[in-house]
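Undergrad: Just a sequence and a predicted model for now, questions to come.
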Amino acid sequence: MDAKGLDGIPLFSSLSKNERKQVARWADTIDVTAGTELAREGSFAHEFFVISEGTAEVRHDGEVVNELGPGDFFGEIGLLETERRTASVVATSPLTAIVMFQREFRELERQHAEVADRLRAAIRARLSE
């Protein structure tokens with residue numbers, strides 16, 4: 001993916017231009033239509049997502065528990081804590097997302113402590129809800 005796709009995304013705002021280029025090499029961009037299920041509650045987690053355009057809803061036990069938009073991310077709990085998805089995420093509009101698979105996500109966490117800290121804080125907040 002092009003590193004410019006990471007500009008303006010709060011999760012990556014503390015990274016330098018060269019660091020964002022490195023992260024861009026680890027990531028892909030996907031485009032999906034409204035109604036696409038990006039994560040299924042209970043399934044094994046293999047990817048991490050950051051929404052760059054569009055909206056999605058988070059569903060737990062079939063109930064909507066959160067709405068996501070540009071800059072929001074999901075999938076980190078399954079990759080770092082539980083191995084399985086704790087909720088389903090469904091696009092509610094056409095959506096573009098940055099996707100990082102587990103191996104690259106672990107490398108991001110290892111090389112960029114400030115991003116890892118933000119992810120861990122999000123995990124703590126989400127698991128306490």
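TA: Done, it's in. Numbers count the residues shown, from 1 in each chain.
Undergrad: Quick one: the helices in the protein, in order.
TA: Counting by DSSP state H, the chain has these helices, from start to end: 17-26, 76-77, 102-111, 113-128.
Undergrad: any idea of the angle the first one forms with helix 102-111?
TA: Spelled out, that is helix 17-26. Counting by axes from the mean of the first three to the mean of the last three Cα atoms, to 10 degrees, helix 17-26 lies at 160 degrees to helix 102-111.
Undergrad: if we can go back for a sec, for the helices of the chain, which one sits closest to Gly69?
TA: Of all these, it is helix 113-128 that lies closest to Gly69, at 15.1 Å by Cβ to Cβ. Backbone N, C-alpha and C define where each C-beta goes, glycine included.
Undergrad: hey, what's the one residue sitting closest to the centre of the chain bridged with?
TA: Centroid-nearest residue in the chain, with Cα atoms, centre = their mean: Phe49, separated by 2.6 Å. Beta-bridge pairing for Phe49 (DSSP bridges): Phe74, Val99.
Undergrad: okay, it: pLDDT?
TA: Confidence at Phe49, expressed as pLDDT, is 93.
Undergrad: Now do the end-to-end distance for stretch 48-68.
TA: End-to-end distance of stretch 48-68 (Cα to Cα, to the nearest Å): 14 Å.
Undergrad: contacting residues around that stretch?
TA: 5, 9, 11, 29, 38-39, 41, 69-76, 79, 86-102, 105, 129 (Cβ atoms under 8 Å, 6 or more residues apart in numbering).
Undergrad: do the same with stretch 79-90
TA: Outside stretch 79-90, the residues that reach it (Cβ under 8 Å, 6+ apart) are 35-49, 56-60, 65, 68, 74-75, 77-78, 102, 105-106, 109, 119-120, 123, 126-127.
Undergrad: Okay, now the unreliable bits of this structure?
TA: 122-123, 126-129 (pLDDT under 70).
Undergrad: List buried residues within the contacts of stretch 79-90.
TA: Those of the contacts of stretch 79-90 that meet the buried threshold are 36, 38-39, 41, 45-49, 56-59, 68, 74-75, 77-78, 102, 105, 109, 119, 123, 126, by 16 or more other Cβ atoms under 10 Å.
Undergrad: Thank you, goodbye.
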